[in-house]
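1. Okay, sequence plus prediction incoming.
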Amino acid sequence: MNDSMSIPHLIMSASTVVQLVMLLLTVGSILSWVVIFQRTFVMRRARQAHQAFEERFWSGVDLNELYRETPAEQETQGAEHVFRSGFREFNRLLPKTRSPQAILDGVQRSMRVAWSREEERLSLHLVFLATVASASPYIGLFGTVWGIMGSFQALSMTQQATLATVAPWIAEALIATAMGLFAAIPAVIFYNRLSSESARLLGKYEDFAEEFHSILHRNLQGRAESGAA
Amino acid sequence: MARDDQRVGYGLPTVLAVALHLVVVLFSVISLPSREPEPTSSSIVQATLVSTETVTDQAQRAEAARSRALAREAEEQRQAEEAAREAEEAAAAVEAARQAEQEADTRAQEEARRAAEAAEAEAARRAEEAERQARQREEQEQARQAEAEAERQRQAEAEAERQRQAEAEAERQRQAEAEAERQRQAEAEAERQRQAEEEARRQREAEEQRRREEEAERQRQAEAEAERQRQAEEEARRQREAEEQRRREEEAERQRQAEEEASRQREAEEQRRREQEAARQREAEEAARRAAEAASQGLDRAIEGESDAVANARQGQEAANSFINLVRRAVEQAWVIPPNVPGGASAEVAVRLGPSGELFTASITRGSGDGAFDRSAIQAVEQAAPFAELRQLPANLQRDYRQFNLRFTPGDVR
């Protein structure tokens, strides 16, 4: 009794479909946890990087110096990426046109592209978490229903329907639901947490882009007035 | 800062996720078996057989009764010899007594024949009775002179014989005995030499009668020694069968004895004896030991037969243990414990079985106070009822195990 009702024994003696469902749920759970860990690390790094960059940006350093600090071929991320793409576009447009409005339009467009790339990077795989969170209970339920169907089929074969003959079947069927919930619950929790975190970071990037845009705008206005005078 | 992002690969998260799942699996495997044994302590019911006293106790009682009977025989032999010697003296004194002696001989022979028949038919009863008389004689030996004691015993013996022959005569004989008692007391006070001739003759006659009876009894014993030994087991069984009857007889005997004792003013001793049953048995054993010293080889043989009987009883108990276990298991399986039984509840059920193991009655002797619990215990016995294993027991044991008590105590009721 004790041996036959242990969870590994139940899993091993389950039917093939239920076993496949369990395997699928196990893989989904493992992958969702991989995503959870990876995203958590990424978010933490991005937050730290953003904090460091903002401190450096507002420390009064010359923007040209700041731009030249990192080599051009190195890929950057977060607010730095937005700054670099915007400043590069500004430097390229400045000698070509006299119109400050055209320069500012180009810089803004470039920064929006960079921001969009950052958004894509931050919310990478979060959709997978959402999928696991919403689908795995249904998958587990499917395994349970299938297992209980099998148990009733087996029950119809037996002469006497005692609790002892039904119990292992139902227990193994319910394990599928349990595994589905086991995969879904952390996925739901961490999806909400990670998506809110990414939204908060993206909001910070947007704020920075606006601030940087206003700096460039001020700079261009001063230059146009001096040029006109 | 850009380099930090490069390092956030999928290696470490994968390792962490797999480790997490392994931990979860380990917990489910390890902690579940440790949690499961707790509820597996299933409800074991204990239905214990309480009183198995039937075999052992009765064997002891039979043994004691037999030893007492043997003690009585030895005592009687010794006293008969003494009485014979005294009777010879009296015969030497009186010449004319010889004719009466012959008459007494014939009468004694008749008496002896009758006594032999009666004794054979009622050996058990006589054993009980004579055991008491032996003790009385023992006490009188210390208190009175040997002759008076022998006489009184003879009287008592004759009285017992006549009582057995006819209950109606008993009253008259007791009166006669009382008269004789009074006479003997007067005698004792006025010394033995003052004995009247007819008194002496009567004494001698009675002595002779007694002697003849004793001889006849001894002959009968010698003849029926083997038969007796054979009957030793049968006797034990018969004693158990006729236990109630014997008890009633014992009570009647005791009443008669009490009357005698009232006349002899020895009621206090008798009561003490009755109260101290164990002391009486010890006394009887002492008497048996003393008798064994004085008695003939027949006594030894009888003792061997008794030990055989005791050994048989022990073997029977061993054989009966298996039956007890069978009954207990059957009853335990049939027992459905009602819910909400208070802890520590126990009920005792007296079970009586028929000769083939069917249930006659099952009644609560000591209830638990919970009506449902008591009913469940009786129902369990009724469910398990036909104990056909009873017939596999030895025949002499079946009777003993047709009545027993079962104690019901629930174990760990979930």
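-> Structure's in. What do you need?

2. thought B:Phe408 was touching B:Val341?
-> No. The criterion here is Cβ atoms under 8 Å, and B:Phe408 misses it with B:Val341 at 10.2 Å. Every C-beta, even on glycine, is put in place using the N, C-alpha and C of the backbone.

3. Neighbour count for the two, which is higher?
-> B:Phe408 (26 against 15; other Cβ atoms under 10 Å in any protein chain shown).

4. average model confidence for stretch A:167-177?
-> Averaging pLDDT along stretch A:167-177 gives 85.

5. Check what contacts stretch A:167-183 and list those residues.
-> With contact meaning Cβ atoms under 8 Å, 6 or more residues apart in numbering or on different chains, stretch A:167-183 is reached by A:4-5, A:7, A:10-11, A:13-14, A:18, A:21-22, A:25-26, A:28-29, A:32, A:132, A:136-148, A:150-151, A:154-155, B:24.

6. If any of the residues you listed are buried, put those into a ChimeraX selection.
-> The following ChimeraX line selects those of these that are buried, judged by 16 or more other Cβ atoms under 10 Å in any protein chain shown:
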select /A:7,10,11,14,18,21,22,25,26,28,29,32,132,136,137,139,140,142,143,144,146,147,148,150,151
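
7. Which members of the contacts of stretch A:167-183 are positioned in helices?
-> A:7, A:10-11, A:18, A:21-22, A:25-26, A:28-29, A:32, A:132, A:136-148, A:150-151, A:154-155, B:24 (DSSP state H).

8. how close does the residue nearest to A:Ile30 when sequence neighbours are not counted get to B:Glu382?
-> Excluding its sequence neighbours, the residue lying closest to A:Ile30 (Cβ to Cβ, 6 or more residues apart in numbering or on different chains) is B:Ala17, at 5.2 Å. B:Ala17 sits 63 Å away from B:Glu382, going by Cβ to Cβ, to the nearest Å.

9. More neighbours: those two, which one.
-> In this view B:Ala17 and B:Glu382 are compared by other Cβ under 10 Å, and B:Ala17 has more residues nearby, 21 against 13.

10. What's the per-residue pLDDT of the more buried one here?
-> So, for B:Ala17, pLDDT stands at 91.

11. Go over the secondary structure and confirm it is in a helix.
-> Yes. Counting by DSSP: H, G, I helix; E, B strand; the rest coil, B:Ala17 is part of a helix.

12. wouldn't it be in contact with A:Gln38 here?
-> No. In this structure, B:Ala17 is not within contact of A:Gln38 by Cβ under 8 Å, at 9.1 Å.

13. Measure how far the helix or strand of chain A with the lowest mean pLDDT is from the centre of its chain, please.
-> The helix or strand of chain A with the lowest confidence, counting by mean pLDDT, DSSP states H and E, is helix A:7-12 at a mean of 78. Helix A:7-12 sits 34 Å away from the centroid of its parent chain (Cα atoms, centre = their mean, to the nearest Å).

14. next one: stretch A:172-188
-> With Cα atoms, centre = their mean, you get 22 Å for stretch A:172-188.

15. Pull out the buried residues from it.
-> By neighbour count with 16+ other Cβ under 10 Å, stretch A:172-188 contains the buried residues A:172-180, A:182-184, A:186-188.

16. Could you single out the nearest of the residues you listed to B:Gln221?
-> A:Glu172 (83.1 Å; Cβ to Cβ).

17. and the closest one, helix, strand or coil?
-> helix.

18. And it, how far from A:Ile148?
-> Distance from A:Glu172 to A:Ile148, by Cβ to Cβ: 10 Å.

19. Reduced to three states, what does the closest residue in space to B:Glu214 that isn't next to it in sequence come out as?
-> Spatial nearest neighbour of B:Glu214, chain neighbours left out: B:Ala80 (4.1 Å); criterion: Cβ to Cβ, 6+ apart. Using three-state DSSP, the structure places B:Ala80 in helix.
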